[in-house]
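*Asks:* Coordinates for the following, if possible.
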Amino acid sequence: SVVMAASSHDIDLLVKEFERVEPLLESLDSKDMKTCYKTTQELLHKIAARLNESKQLYMVLSELMKTHVLKSLIYHLRTLPTPAKQDVRIIWLAAAKNEQQKDAFAEYMRKNPEILIMLVRGGATVDHISGDVLRACLRHRSVHYMVLHSPLVWQYFQFVSSEEFDTSSDSFKTFKAILSRKDSGERKQVAKFLSDNFALFFEKLTQLLSDEIFHVNRQGLKILSEILQARANFSVMVRFIGIPAHLDIMIDNLCLEETRHEKGIKFESFHVFKFFVANPKKPDAIVKLLLKRRDELLRTLKDMRDQGDVVYGRELPLLIERLQELQEPK
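*Replies:* Have a look, this model is predicted:
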């Protein structure tokens with residue numbers, strides 16, 4: 001009972017300290033900002049440290065989700081000093097990943113959808129705290145559903161196109177977390193989303209594949225490859241590889257002149273291009289385009305085979321063979 005009393009006392013202290021945070025956050029725009037920053041930073045660091053040590057974390061989180069503190073931390077994230085931002089990250093990850101409060105957290109997010117808007121938009125900034133927090137929240141099926149079926153998901157096409165490598169890379173990481181799921185039910189949801197929004201989604205995605213910025217082009221190809229390889233997306237894959245304009249883009253990327261950067265793009269393009277060639281039911285338009293550009297393709301693929309510096313396994317000689325055997329449609 002003494003231990004329980006001590007635990008309850010610790011929980012009460014933590015909750016009271018959290019209650020002190022919100023008025024401090026609201027005062028960040030006051031004249032005495034430097035003092036306020038220092039006090040807020042010290043308090044958040046103290047709370048983050050105690051959360052890590054707490055044996056009754058789920059009880060602390062239960063009390064915390066009855067307040068607006070978690071939401072306030074995200075709302076004021078941009079104005080916080082860098083060390084305080086890291087503590088916000090620790091606090092939020094503790095809340096999002098706690099299994100004992102899984103249902104309560106999902107309900108908290110459902111009742112406060114504006115948090116997702118702030119996290120998504122915050123992902124376009126350079127501190128990446130928002131991205132880390134959002135990816136932790138996306139572990140919850142209901143949060144994933146909310147993001148996938150909202151206008152927020154479309155903003156990632158803009159974020160991933162950033163010339164700033166770190167911002168683009170972090171945004172791609174979140175975009176991938178939305179589109180690549182382990183849970184079978186969530187994979188079906190993604191497949192339905194891609195099918196329902198096929199034209200717009202792949203119009204925007206193929207624009208990334210022609211981007212002049214190397215990291216945008218390559219990461220876009222990686223996401224496309226993962227989408228096409230997922231079993232749940234089979235019908236989406238069949239639609240995609242039946243469109244000649246998509247094949248043209250893949251051939252253009254595959255047949256780029258070799259440089260250090262282009263080598264990476266050629267590698268990723270190969271793993272999308274192979275779907276077009278391996279398809280046993282190619283539409284006539286796809287066959288005609290492959291025949292039209294066959295000489296160029298064979299020259300490129302044979303060069304890739306002869307260089308031997310990237311492992312393509314048995315797929316490369318098999319594609320060469322399939323292209324050589326390809327005949328005009330009847």
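*Asks:* any weak-confidence spans in the chain?
*Replies:* Counting by pLDDT under 70, the chain has low-confidence residues at 1-15, 22, 27-37, 52-56, 126, 258-261, 308-310.
*Asks:* ranges for the strands of it?
*Replies:* Taking DSSP state E, the chain contains no strands at all.
*Asks:* Just list the residues touching the residue nearest to K97 when sequence neighbours are not counted, thanks.
*Replies:* What sits nearest to K97 in space, not counting adjacent residues and going by Cβ to Cβ, 6 or more residues apart in numbering, is A136, at 5.9 Å. Just so you know, the C-beta spots here come from the backbone N, C-alpha and C atoms, and that holds for glycine as well. Neighbour list for A136: W92, L93, A96, K97 [criterion: Cβ atoms under 8 Å, 6 or more residues apart in numbering].
*Asks:* Repeat that for V88.
*Replies:* V88 is in contact with L44, L73, I74, L77, L80, I129, V133, counting by Cβ under 8 Å, 6+ apart.
*Asks:* can you rerun that using 10 Å?
*Replies:* Applying Cβ atoms under 10 Å, 6 or more residues apart in numbering to V88 gives the contacts 21, 44, 47-48, 70, 73-74, 76-77, 80, 129-130, 133.
*Asks:* Tell me how far R305 lies from L326.
*Replies:* Applying Cβ to Cβ, to the nearest Å, the value for R305 to L326 is 18 Å.
*Asks:* do the same with R121
*Replies:* In this view, R121 and L326 are 48 Å apart by Cβ to Cβ.
*Asks:* Keep only those of the contacts of A136 that are in helices.
*Replies:* Mapping the contacts of A136 onto helices (DSSP state H) picks out W92, L93, A96, K97.
*Asks:* Would you confirm that the second one contacts V133?
*Replies:* Looking back up the chat, that one is L93. Yes: proximity of L93 to V133 meets the contact threshold set by Cβ atoms under 10 Å, at 6.9 Å.
*Asks:* of these two, who's got more company?
*Replies:* A side-by-side neighbour count of L93 and V133, using other Cβ atoms under 10 Å, places V133 first with 26 against 17.
*Asks:* which one is that one nearest to, not counting chain neighbours?
*Replies:* In space, V133 is closest to W92, 4.5 Å off (Cβ to Cβ, 6+ apart).
*Asks:* For the one you found, grab the count of nearby residues.
*Replies:* 24.
*Asks:* ok, it - contacts?
*Replies:* So W92 contacts 48, 70, 73-74, 77, 115, 119, 129-130, 132-134, 136-137 (Cβ under 10 Å, 6+ apart).
*Asks:* likewise Q189?
*Replies:* Contacts for Q189 (Cβ under 10 Å, 6+ apart) come out as R141, H144, Y145, L148, H149, R181, D183, A232.
*Asks:* and it, how far is that from Y145?
*Replies:* Relative to Y145, Q189 is positioned 6 Å away (Cβ to Cβ).
*Asks:* How about K263?
*Replies:* To Y145, K263 is 39 Å away according to Cβ to Cβ.
*Asks:* hmm, back to that, and the contacts of Q189, which of them are buried?
*Replies:* With burial judged by 16 or more other Cβ atoms under 10 Å, the buried subset of those is H144, L148, R181, A232.
*Asks:* For the second one, which non-adjacent residue is closest in space?
*Replies:* Among residues not flanking L148 along the chain, F193 sits closest, at 5.5 Å (Cβ to Cβ, 6+ apart).
*Asks:* was I right about that neighbour contacting R181?
*Replies:* No: assessed by Cβ under 10 Å, F193 is found out of contact with R181, at 11.0 Å.
*Asks:* Between those two, which contacts overlap?
*Replies:* Common contact partners of F193 and R181 (Cβ under 10 Å, 6+ apart): L148.
*Asks:* any chance of the contacts of Q189 in a markdown table, plus distance to D211?
*Replies:* Compiled in a markdown table, the contacts of Q189 are given as follows (distance: Cβ to Cβ, whole Å):
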| residue | distance to D211 |
| --- | --- |
| R141 | 32 |
| H144 | 27 |
| Y145 | 29 |
| L148 | 24 |
| H149 | 27 |
| R181 | 26 |
| D183 | 31 |
| A232 | 27 |
